[in-house]
Structure formats: C-alpha cells, structure tokens
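Student: Turn this into a model:
(one chain, ligands or ions: 1)
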Amino acid sequence: MNFPVITQEEVKTVMDDMDKNKPPGPDGLTLGIIRELFFLDPAWCTELFNDCTRQGVFPDFWKIAKVLLIPKEGKDLSEVSAYRPICLLPTWGKVYDKIIAQRLLYELESKSKNATTKEEVDIKLKIPKSWIKKQLKMTMVQEWQARWMSSPNSRFLYGIFPEVNTKSCHGDFLINQILTTHGCFPVHQHRLFGKSPDCECGRDQGTVFHYVYGCQIYREVRQKYFPENFFQLGILELILNTRGKIGLKIIIQDVLTKS
Ligand SMILES: [Zn+2]
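Tutor: Numbers count the residues shown, from 1 in each chain. Below you'll find the predicted structure:
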C-alpha cells in the first residue's frame with residue numbers, strides 16, 4: 001500500500017477534532033501540552049509520525065495505558081465486578097491512531113466510490129459496495145500482516161497473535177488482561193505504580209507466563225482445566241481450548257482480586 005506522507009495540516013486537523021479535556025496517559029502529557037509542542041515545531045512533530053509510518057512501528061510506549069478502576073455505586077467493593085476499568089492511553093498514540101484511522105477511512109471510501117461509480121462494473125457485475133469494501137479491507141489486513149511480521153520490534157502480542165485481524169478477537173475483560181499484559185500482573189503494576197513485581201509465591205516475578213505455566217498457587221486449577229500437554233501449548237491455544245480458557249479466567253480473576 002502506498003502511504004502518502006502525513007502533512008502538518010493533517011496533524012493539526014486531527015488534534016483540533018480531539019477532546020481537549022481528556023486526562024493524559026502514564027506520561028502525563030495532555031493534548032494541550034502536545035499541541036503546544038506541535039506549534040513550537042510542527043515539522044519535527046509531523047516527522048515523528050512519518051517516521052513511525054516509514055518504519056511500520058507503533059511505539060510500545062504509546063500503547064501502555066494507565067488503568068484506573070472506578071468503583072460502581074452500591075456494589076460490594078470486594079468483588080471484581082464492582083469496578084469499571086478505564087484505560088488512559090498516551091496522547092501521542094491517540095493522535096497517531098486517529099491519523100491512521102482517517103487515512104484508512106478515506107482510502108476505503110474513495111476506492112469503493114470509484115469502483116461503484118464505474119457503470120460497467122455496476123451493470124455487468126452488479127458488485128455490491130459492501131463486497132468491494134470487504135475486499136479492500138482484506139487487502140489492507142494482508143498489508144498490515146506483512147508489516148506486523150516484518151516489524152523489528154517483536155512484541156509480546158506477536159508471539160500469541162501472529163495473525164492480525166480486524167475483528168476484536170477477544171472482547172473478554174479477563175482474557176484481555178493476558179493478551180495485552182496490561183492490568184493486573186505484578187510486573188505491569190510494578191512498572192506503573194512501583195508495586196513489587198514478584199508473585200506472592202515468592203518463586204518468580206509475576207509475569208503472565210509465570211501464572212499460566214509455573215506458579216504453584218494455581219497447580220490445581222491447571223490440573224483441573226488445562227489439557228495434560230498444556231506446557232507445550234501457546235497461550236492462544238489455551239484460550240481457544242474451552243476448558244483451558246475457563247482455567248485461565250479463574251487464574252486471572254484471582255490475580256486481579258489480589259492486585
Ligand atoms: Zn507464583
């Protein structure tokens with residue numbers, strides 16, 4: 001896909017459209033601060049985004065959210081379900097995200113418009129607009145896949161999600177804790193809030209892998225729900241295994257309650 005250079009005007013328009021009163025992500029930079037930076041040196045700021053595009057990189061740091069748990073009114077606060085989690089993402093990432101989203105939308109709309117206004121296409125083939133949109137989307141997913149695989153910063157997510165998909169694959173709060181490694185795991189809480197990164201079993205750091213594969217606290221859960229050869233399976237395979245997924249959720253729920 002040829003991706004034209006992002007312009008200063010484009011960055012400014014995207015920022016103008018964003019809500020200026022949203023709280024900042026973990027880096028503390030509000031939209032107001034980022035706008036000031038932009039007006040100080042619009043060329044540098046725009047180049048930052050173009051550099052990301054050229055390298056096919058979405059910086060990891062821009063994806064780290066600050067998770068706040070907002071208590072729901074009148075609920076038993078010892079229950080996980082009594083909290084509504086909100087994620088505060090770094091503003092830089094949100095701006096870049098919106099630039100890309102606008103580009104994709106524009107690409108989709110202009111291409112499908114061109115395709116459907118050509119009469120011979122309409123008359124001879126009767127291709128519905130929705131079909132064309134779907135094809136374009138698939139092409140884009142393939143392109144995304146190619147970038148994803150060749151991207152130099154191999155991420156944790158790539159290990160379990162080697163295939164990209166436009167659907168949000170697992171809209172499950174507990175499972176998302178694993179997929180994003182955000183949220184409840186001590187290592188992450190350590191990074192964000194300075195809490196101890198260790199698991200309470202005292203044998204290792206509280207990483208996703210420790211809880212899923214190693215921690216003795218969850219040995220019984222593993223025995224009960226995981227297939228016998230679970231240590232040979234990737235996390236995604238465990239999620240796709242019906243009983244495995246139940247086991248994973250029990251583990252995460254427990255880690256979450258203790259965090
Ligand atoms: Zn442990």
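
Student: Who are the contact partners of V221?
Tutor: Contacts for V221 (Cβ atoms under 8 Å, 6 or more residues apart in numbering) come out as 247, 250-251. Placement of C-beta: from N, CA and C, glycine included.

Student: Out of these, which end up buried?
Tutor: In the contacts of V221, burial by neighbour count holds for 247, 250-251, counting by 16 or more other Cβ atoms under 10 Å.

Student: For the protein, which residues are neighbours of the ion?
Tutor: 199, 201, 215 (Cβ under 5 Å from the ion).

Student: repeat that for 8 Å
Tutor: Taking Cβ under 8 Å from the ion, the part of the chain that reaches the ion is made up of 199-204, 206, 210-211, 214-218.

Student: Relative to D76, which of the buried ones among the contacts of V221 is nearest.
Tutor: Closest to D76 out of those is I250 (19.5 Å), distances taken as Cβ to Cβ.

Student: does the closest one really touch Y225, like I thought?
Tutor: Yes. Checked against Cβ atoms under 8 Å, the pair I250 and Y225 is within contact range at 7.2 Å.

Student: How is the protein partitioned into domains?
Tutor: Domain segmentation of the chain under the TED database yields 8-117, 169-258.

Student: can you list the weak-confidence ranges in the stretch 151-259 of the chain?
Tutor: 151-194, 259 (pLDDT under 70).

Student: any chance you could map the helices in it?
Tutor: 156-160, 173-180, 186-193, 208-209, 219-225, 235-240, 242-258 (DSSP state H, counting those that start in this stretch).

Student: Which parts of the fifth one count as buried, going by neighbours?
Tutor: For helix 219-225, the neighbour count (16+ other Cβ under 10 Å) marks 221-222, 225 as buried.

Student: what's the burial count for I239?
Tutor: Using other Cβ atoms under 10 Å, I239 has 20 other residues around it.

Student: same deal with L238?
Tutor: What L238 shows, counting by other Cβ under 10 Å, is a neighbour count of 22.
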